[in-house]
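Colleague: all I have is the shape, not the residue letters:
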């Protein structure tokens, strides 16, 4: 009797995990759909950089730190003749394209940045740096 009860409980537990996991996964997939509008009323900030799009202008502000943590923005904003670690760059003709959970931001000067929507309020670059969504000031 104990074996039958244990087997029944195990079967119920497996079924709950199987079907419960599918429901959670589908809602998580809907949450992680990238939308270009995500950049219209918000900007994104990591521990180093802030990415701000306003109409067709891309602004990147922050501080470059030369350590093991990297960001795809390092490749865009860091130059050999930098006089300080503070970075402020503006690029024109910026646009955001989306595909599934990806944002592709392009701008003049050959700028091309790709981010993945990790959670509703977090995007991640190819180097693993996380950026948290913040509301733009009015």
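Modeller: Alright, I've got the coordinates. Because the structure is predicted, anything quoted here is derived from the model rather than measured. Residues are numbered from 1 along each chain as shown.

Colleague: what about residue 51, distance to residue 103?
Modeller: Distance, residue 51 to residue 103, by CB to CB, to the nearest Å: 10 Å. (C-beta placed from N, C-alpha, C; glycine too.)

Colleague: any common contacting residues for the two?
Modeller: Both residue 51 and residue 103 are contacted by residue 113, under the criterion CB atoms under 8 Å, 6 or more residues apart in numbering.

Colleague: buried stuff in the longest strand anywhere in the chain?
Modeller: Ranked by residue count and defined by DSSP state E, the top strand of the chain is strand 111-119. Under the neighbour-count criterion of 16 or more other CB atoms under 10 Å, strand 111-119 has 111, 113, 115, 117 buried.

Colleague: any chance of these in TSV, plus distance to residue 88 and pLDDT?
Modeller: As requested, the buried residues of strand 111-119 are exported to TSV (distance: CB to CB, whole Å; pLDDT from 0 to 100):
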residue	distance to residue 88	pLDDT
111	15	94
113	16	95
115	20	96
117	26	95
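
Colleague: alright, that wraps it up for me.
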